[in-house]
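1. output the structure for:
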Amino acid sequence: MKKSALLALPTLTLGALALAAGPATAADSWSFQAQLAPVNNSTAAGTAMVDVTGDQATITVNVAGAPALLQGMPYGHAQHIHIGGQGVCAPPTADANGDGVVDSMEGKPFAGAIAVSLTTAGDVSPASGAVADRYPTGGAYNYERTVTLDPATLQALQSGNAVINVHGADPAALSPAATSAVNPMNPALPLATDVPIACGQFVSSQMAMPEGPADTGVTTPAENADLNAVAGVGVLGLLAAGAAALGLRRRATQRS
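-> Sure, this is the predicted structure:
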């Protein structure tokens, strides 16, 4: 056997070991869900889901029991993901001005500030928080949209600090003080459009890699066992190849 062929044996074994031990790469994915419960004495309820792959989030919201009309027109229900607060829906005791409802400003310390405006088209930033003509309408609706998620919102979802609010109360069900007030984010609209009617906290329903567990930099005992097994096979292969090469060299020396 030629010397070059002898030297190639350990190299081939090393290559096989590296190929066997190398981790597969795939985009991270997460799934979060929220149960929407009625707030502010409303009848609205539903569910929300956020499925994330990389920085892309597919958001679905299903709502029923919301007011269908506002001033005789289909009622556009603003809906937002809030972060940076306590990560909970505001309780009735948050009604600081005593008008009988907890509006978005009163609820901000609890739910947090708007991070994503769940509009049907166009911008999804906080700037679109009260753009009435780009939100789902009616008493019941199914919403789905894929948006780019910023790192702060993803971190809030992962840590349980993200809340979803659906807005749009029935003006007839509000107190005279609340009925006469305006939406703090859009004074052209009545306060009813700002009042949350359903709220839920997002919780993680899945945290996994499509092709295996997320790479945290820490291996479990089972993973260590698998890696040790692969490494052991590779080392044995190297030793065997080295021994074979040494034996061939010795035989070649004896013949000469």
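2. would you list every one of the strands in this structure?
-> 29-38, 45-53, 56-64, 69-70, 73-74, 79-84, 112-117, 141-148, 162-167, 182-183, 186-190, 196-201, 203-208 (DSSP state E).
3. so which bits of the third one are buried?
-> Under the neighbour-count criterion of 16 or more other Cβ atoms under 10 Å, strand 56-64 has 57, 59, 61, 63, 64 buried. For every residue, glycine as well, the C-beta is placed using N, CA and C.
4. which residues does it contact?
-> 36, 44-52, 77, 79, 81, 116, 118, 136, 139-149, 154, 164, 166, 198 (Cβ atoms under 8 Å, 6 or more residues apart in numbering).
5. out of those residues, which end up buried?
-> The buried subset of the contacts of strand 56-64 (16+ other Cβ under 10 Å) comprises 36, 44-52, 77, 79, 81, 116, 118, 136, 139, 141, 143, 147, 149, 154, 164, 166, 198.
6. picking up where we left off before, so can I have JSON lines of the buried residues of strand 56-64 showing pLDDT and distance to residue 127?
-> Shown next, in JSON lines, are the buried residues of strand 56-64 (pLDDT from 0 to 100; distance: Cβ to Cβ, whole Å):
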{"residue": "57", "pLDDT": "98", "distance to residue 127": "19"}
{"residue": "59", "pLDDT": "98", "distance to residue 127": "18"}
{"residue": "61", "pLDDT": "98", "distance to residue 127": "20"}
{"residue": "63", "pLDDT": "98", "distance to residue 127": "23"}
{"residue": "64", "pLDDT": "98", "distance to residue 127": "29"}
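7. tell me which two in those are the farthest apart.
-> Every pair in those was compared (Cβ to Cβ); the two farthest apart turn out to be 57 and 64, at 23.2 Å.
8. roughly how far apart are residue 101 and residue 149?
-> Plainly put, residue 101 is 30 Å away from residue 149 if you go by Cβ to Cβ, to the nearest Å.
9. what's the answer for residue 175, then?
-> To residue 149, residue 175 is 38 Å away according to Cβ to Cβ.
10. what pLDDT is listed against residue 22?
-> Looking at residue 22, its pLDDT is 39.
11. actually residue 205, not the one I typed
-> 86.
12. so what's the residue count around it?
-> 13 (other Cβ atoms under 10 Å).
13. from what I can see it touches residue 29, true?
-> No: assessed by Cβ atoms under 8 Å, residue 205 is found out of contact with residue 29, at 11.6 Å.
14. what about the protein, any weak spots by pLDDT?
-> 1-27, 206-256 (pLDDT under 70).
15. now with 90, please.
-> Filtered on pLDDT under 90, the chain yields the residue ranges 1-28, 132, 205-256.
16. could you chop it up by domain?
-> Domains of the chain are assigned by automatic domain parsing as 3-26+220-255, 29-208.
17. out of these, which is the most enclosed?
-> By mean neighbour count, with neighbours taken as mean count of other Cβ atoms under 10 Å, domain 29-208 ranks first of the domains of the chain at a mean of 19.
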